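In: Kindly generate the corresponding structure for this input.
(2 chains)
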Amino acid sequence: MDVRLINPFLESVISVYNTMLHVTPHRSGLHVAENGASPESLVALIGMDGPAQGAVALHLPQTTALATVNHWLGMSMTEIDATVSDGIAELVNIIAGQAKTSFSEQLGTPVSLGLPSVIHGSDFQVKYPGKATWIEIPFESELGAFSLRVTCVMNEQPAEVN
Amino acid sequence: MKALIVDDSAVMRRVLTGALERVGISDVVEACDGAEGVECAGQYELGLILMDWNMPNMTGIEAVKAIRGAGSKVPIIMVTTEAEKTRVVEALKAGANNYAIKPFTPETLVGKITETLERAAV
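Out: Numbers count the residues shown, from 1 in each chain, chains lettered A, B, ... in the order given. Take a look at the predicted model:
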């Protein structure tokens, strides 16, 4: 995977957290994601299709997920429930949405997104078919640590000409 | 005035409800997909609709077309991650009155709501 494809996602995470949550996350690295999930985490996953194909996954430890949605809504939830899952799903939807707009405008063809899904638990792995590599971007924030994992390849088909 | 929020995210519906409250609209109906939104639009006397784009069952753009097809002139603001110019044009052609792109600040959304309601009142 071309790491230059990561930039729109990196910029999107910072922009979305700043705008929607008034929190500035700081990137703490960039590496190929290793298999294996940390215990008790929440993963919100969304697929991309079109000229850029792949998936985006927001990985949050349970404490970060709770702190994030509580901060966003001004609530004090103590357990992962449907509201927390929904909030994290919406967050990955907005992050992927902003990044895909950047791809669409560069390529001249719309990239489409699926609907987000959320996995909550421990000892699970998120895989994507084929030879795709997941790049992980870890972040630190006042709401806790989290990471964005992206796998993305550019489709070789030329853009449609109208 | 009664407003309708159509979004498959309960958290986003809550965020949008907060923005409506800031402009003095507390009578809010919620729908979680386009099909339910069309049903609500036919059922209630509405002054405003906030419409997401990507939703299960029926998308927001399909819902806008269905609402306009039924003859409704209620102001509709698309509130969506779909930010490409082609998408904005598509929504406006379908009958949306305004467009707010996620992510947004509360101030931006409140501005879009106010602007849309002022234009509708002229």
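In: what's near enough to touch the spatially closest residue to residue B:6 that is not a sequence neighbour?
Out: Once flanking residues are discounted, residue B:6 sits nearest to residue B:37: 3.5 Å by C-beta to C-beta, 6 or more residues apart in numbering or on different chains. The way it works is simple: take the backbone N, C-alpha and C, and place the C-beta from them, glycine included. Shown in contact with residue B:37 (C-beta atoms under 8 Å, 6 or more residues apart in numbering or on different chains): B:4, B:6, B:31, B:49, B:51, B:58, B:60, B:63, B:67.
In: Off-centre distance for the strand or helix carrying residue B:37?
Out: Taking DSSP states H and E as the criterion, residue B:37 maps to helix B:34-43. The chain centre lies 12 Å from the centre of helix B:34-43; the measure is C-alpha atoms, centre = their mean, to the nearest Å.
In: what comes up buried for it?
Out: Using 16 or more other C-beta atoms under 10 Å in any protein chain shown as the test for burial, helix B:34-43 gives B:34, B:35, B:36, B:37, B:38, B:40, B:41.
In: After it, which helix or strand is next? Please name it.
Out: Next along from helix B:34-43, by DSSP H and E: strand B:48-51.
In: what does that following strand rub up against?
Out: B:1, B:3-7, B:16, B:20, B:25, B:34, B:37, B:41, B:60, B:63-64, B:67, B:74-80, B:96, B:113, B:116-117.
In: any idea which of the buried residues of helix B:34-43 is closest to chain A?
Out: residue B:34 (12.7 Å; C-beta to the nearest C-beta).
In: OK, contacts around the closest one?
Out: By C-beta under 8 Å, 6+ apart, residue B:34 lies in contact with B:6, B:51, B:55, B:57, B:58, B:59, B:60, B:62, B:63, B:66.
In: List the single closest residue to the last one in space, sequence neighbours excluded.
Out: Here the nearest residue to residue B:66 in space, its sequence neighbours aside, is residue B:38; by C-beta to C-beta, 6+ apart that works out to 4.6 Å.
In: Would you list the phi and psi of residue B:13?
Out: phi -60, psi -40 (degrees, to the nearest 10).
In: Just the helices from chain A, written as ranges.
Out: Using DSSP state H, the helices assigned to chain A run over residues A:7-16, A:62-73, A:82-107.
In: how much does the first one deviate in direction from helix A:82-107?
Out: With axes from the mean of the first three to the mean of the last three C-alpha atoms, to 10 degrees defining the directions, helix A:7-16 sits at 130 degrees from helix A:82-107.
In: Render the CA-only coordinates of helix A:7-16 in PDB, please.
Out: Only the C-alpha atoms of helix A:7-16 are listed here, as PDB (Å, rounded to 0.1, in the frame of the first residue of the first chain):
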ATOM      1  CA  ASN A   7      -2.400  11.500   4.300                       C
ATOM      2  CA  PRO A   8      -6.100  12.200   3.600                       C
ATOM      3  CA  PHE A   9      -7.100   9.900   6.500                       C
ATOM      4  CA  LEU A  10      -4.500  11.400   8.800                       C
ATOM      5  CA  GLU A  11      -5.800  14.900   8.000                       C
ATOM      6  CA  SER A  12      -9.400  13.800   8.300                       C
ATOM      7  CA  VAL A  13      -8.900  12.300  11.800                       C
ATOM      8  CA  ILE A  14      -7.400  15.600  13.100                       C
ATOM      9  CA  SER A  15     -10.100  17.700  11.300                       C
ATOM     10  CA  VAL A  16     -13.000  15.600  12.500                       C
END
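In: contact partners of that helix?
Out: A:24-25, A:27, A:56, A:91, A:94-96, A:98-100, A:102-103, A:137, A:139, A:148, A:150, B:103.
In: Pull up the residues of chain B that are close to chain A.
Out: B:8-12, B:14-15, B:54-56, B:80-84, B:86-87, B:102-105 (C-beta under 8 Å from any C-beta of the partner chain).
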